[in-house]
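Visitor: Here is a sequence with its predicted model. Questions after.
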Amino acid sequence: MATPSINELPSTTETLTPSQHPTNITPTPNEPLPMETSSSINELPSAAETLTPSDNTPDPVEPIPSSDNVEEAVGEKRKRADDVKDPWWKTSLCSYFRKEASCSHGSECKYAHGEEELRRKPNNTWDPTSVRGKKAKAMKMSEEEVKEKDDGEVMFTEQMMDSIDDDGDDSVVVDPLLTKCISHLPVKWQSDELKKYIGEQGVEFKSAKKRKGMFVGFVTFENAEQVQRCLENLEGKAVGNKNLKISDVLSRTNKNMNGTKKSVKSAREAVTPLADMSYADQLEQKKTSIGQFLKKLTRNARKACPNGSSLPEWVLTSRDRGGLSCQLEGIIESPITNGYRNKCEFSVGLSIQGKPTVGFSLGNFSAGVTAVEEPVDCPNVSKIAFLYASIFQTFIEKSKLQVWNRFKHSGFWRQLTVREGRKPGVFSNEEDADSRIAEVMLMVQVCTTDSDEAEVATEFEEMAKAFAEGARASSPTLPLTVLVVQDHTGISNVAPPDAPLRLVPIPMLDNGTNQEQTNNVMTEARIHDYINNLRFSISPTAFFQVNTVTAEKLYSLAGDWADLGPNTLLFDVCCGTGTIGLTLAHRVGMVIGIEMNASAVSDAERNAKINGISNCKFICSKAEDVMSSLLKQYVGVSQIEEAKPPSNANEQISSTEEMSNSEHVDVQKIQNPPPPQEEVQNNEQKPQFENVVAIVDPPRSGLHPAVIKALRTHPRLRRLVYISCNPETLVANAIELCTPSFDEADKGNKSYRGNRKLGIAGLARRRAKSMPTSEPFKPVKAMAVDLFPHTDHCEMVMLLER
Ligand SMILES: C[S@@+](CC[C@H](N)C(=O)[O-])C[C@H]1O[C@@H](n2cnc3c(N)ncnc32)[C@H](O)[C@@H]1O
């Protein structure tokens, strides 16, 4: 499925490039131009992703040593437990013995010295690093492959099937019996590599196609013998570390879809996979899943602890909490479960039947799926968004310009984003929700490459008319505040920061609504929403939590856990439009917000102004470039404190770090950073605060290592509230924040060879080793917050203290 935000996996940290001036948007003085990558990046993961913690060690049950084992408390974790009946006795391989072929604990060691000594774990599994563990894993994987193979077909819905040749001859009819899909190909390969490989395997074929980024390729054959040869020579063949899989192909035509529909997901299944489960069960499932991540943190912290040093108390006591690294307080439910999204990104493409459609794509592009289906029965989509999607679909059906074909990289209409802003006040029930929508922003993404300017201008005029008339024809009339076009030429719909925007005037309606725009008064693209009775101005590409009422609860929780007061300096890291800092500003002395998206920062500044808030400062920069400097600048370290952490605790954090005097870091400078500066240039007298707290709310990729290092090594930062839309990266970041420091001698070499094999938790463990000596944080409590009912995703909040 999915909106690109759901399907297209977010990249890691974005790079900022100077924004281009959007053709028709007049920026206000001092306002940076809209320039962000689609905020969807920060919102939702791939539909295929679930909230299941993955680890290098798939073992679901952690051997939890006795918490009251005094020997362990003093760090002698290798000694045999007093209780010889310990069910975990010799169920894991001893890493010393493996490396050194000996272990000082000898036969007393609770870990197995070699495969012969190894016992099964109480959950009937083998140590995953052992030969038997690896064998079991391989068998499980092949069982899964067999299961997958039972389906025997791949839902391939690309237009490539209509024109298998690159000549652009769309009339070629492809016989599905003579077409096969090859899966598990290297994603880097393109058609030429695939053709070469098939030829080398002695398989004749008519045509082969593959796009970079996909792990599937499509091959057509002249006759049944060639197909047979392909199956014989390629099925199961190892390429890299994968084994090829040959499947049948489901083409787009109605005829071929008959009887095979069973394999095709609906938009509802793709976007809201939990929709058929009761909400209570969804909450239970998510809470359990967050609990698994808390256990994963414990496991990894245990592994990451320097040998010979005591395990942190929170690891030792984790057994009392069933392995959880801290108490999981529960899950905060969404007061609204239907139509809760204030932002929906609808892809534009061909449906399975080949009809231009506005909706959700049914699978991942990498798997060869680009079919788009209407957002029917997707309970997270609001009625208003659904209606705008159908209005747009009716319009593009008649448009002379084509819908986007991701496989061919051609077409014009790509995506419709519907963003809604509510009236102020409290929602009483779900029925109320739609009537609360006061403003709507429509953003249409197109690709204008090779198109005729005059034709495009006419199409935009027609489109604006279609939206205005559609809105008026609906009962009740739909709000329509602003219409923006985003021009984007990239392969996926996630637009780069400098994708130009232009405002399209909405024609005046008979009843006089939308008058502002026809008078050209509307020169800015923005809508407004309310959080905790504060008004927020939101520009087209700025991030804003998609479930506003639940976000209010999330922010209040973060504020409560942060233990704020008038003498608190609050760092709002990755602040977007300033929502967290501004809603908590009345509870602290000062807020410093850090955000890399210039238009979001501009929104944040505006939001402070319109709400009469004067104790917030917003810094436009990547957090990794300024976090350390800001801490130094705003938080003095007393001589005693300075003496406490070892000398390297405050070492230079990032080679690109710099601060401008104006505190509004120039995007150009970030791209071409000046040489590192040891000392912060700004000599302005900063107010000093007793209590320093950070609330971090990073994108899915988590915090940059330089930010983690800066937070961890600043002795005055005692409390950290981590809000995460991706528990996997929260766990990885928490490993680095909470693992005891290694001695200089044990820091090991910094060669990152072999990193590719490590998962993100493994990488974090490795990075924790080279963390400058500093007091670690400890996880205190965690809470799940369900911002995304009916989906697999869930927000997680964790309080860290030291
Ligand atoms: C999950 S959103 C949270 C925004 C805000 N706290 C809120 O609740 O609305 C993450 C934000 O981090 C910003 N961001 C992403 N990478 C960043 C970085 N390296 N430095 C600073 N901000 C970043 C994104 O632009 C986005 O606004």
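Guide: That came in fine, so what should we check first? Worth saying up front: this structure is predicted, and the values here are computed from it rather than measured.
Visitor: From the chain's centre, how far out is stretch 456-474? Work that out for me.
Guide: Distance, stretch centre to chain centre, for stretch 456-474: 33 Å (CA atoms, centre = their mean, to the nearest Å).
Visitor: quick check: mean pLDDT across it?
Guide: Regarding stretch 456-474, the rounded mean pLDDT is 96.
Visitor: which residues are in contact with that stretch?
Guide: 387-388, 391-392, 394-395, 399-401, 412, 442, 444, 446, 448, 477-480, 483, 485, 504-507, 509, 511, 513-514 (CB atoms under 8 Å, 6 or more residues apart in numbering). From N, CA and C alone the C-beta is placed, and that goes for glycine too.
Visitor: Which residue lies nearest the spatial centre of this protein?
Guide: Nearest to the geometric centre of the chain sits Arg700, at 3.2 Å (CA atoms, centre = their mean).
Visitor: What separation is there between the spatially closest residue to that residue that is not a sequence neighbour and Ala301?
Guide: Leaving aside its sequence neighbours, Arg700 sits nearest to Asn726 (CB to CB, 6 or more residues apart in numbering; 4.3 Å). Asn726 sits 19 Å away from Ala301, taking CB to CB, to the nearest Å as the criterion.
Visitor: Pick out whichever of those two has more residues nearby.
Guide: Taking neighbours as other CB atoms under 10 Å, Asn726 and Ala301 compare with Ala301 leading, 28 against 25.
Visitor: I'd assumed the more buried one was in a helix, is it?
Guide: Yes. According to DSSP: H, G, I helix; E, B strand; the rest coil, Ala301 belongs to a helix.
Visitor: show me the contacts for it.
Guide: Each residue near Ala301 by CB under 8 Å, 6+ apart is listed here: 311-312, 314-315, 325, 735, 738-739.
Visitor: which one of those residues is nearest the ligand?
Guide: Nearest to the ligand, judged by CB to the nearest ligand atom, of the contacts of Ala301 is Ile735 at 19.4 Å.
Visitor: before we move on, which element is that closest one in?
Guide: Using DSSP states H and E, Ile735 sits within helix 727-738.
Visitor: how about that helix, does it reach the ligand?
Guide: No. Using CB under 6 Å from any ligand atom, we find that helix 727-738 stays clear of the ligand, coming within 11.3 Å at best.
Visitor: if I look at Ala499, how far off is His488?
Guide: Counting by CB to CB, the separation of Ala499 from His488 is 5 Å.
Visitor: Now the common contact residues for the two.
Guide: Counting by CB under 8 Å, 6+ apart, the common neighbours of Ala499 and His488 are Gln445.
Visitor: measure the closest residue to Ser183 other than its chain neighbours to Arg132 for me?
Guide: Distance criterion CB to CB, 6+ apart; nearest residue to Ser183, sequence neighbours excluded, is Lys245 at 4.4 Å. Counting by CB to CB, the separation of Lys245 from Arg132 is 27 Å.
Visitor: Could you do Ser770 as well?
Guide: Ser770 sits 34 Å away from Arg132, going by CB to CB.
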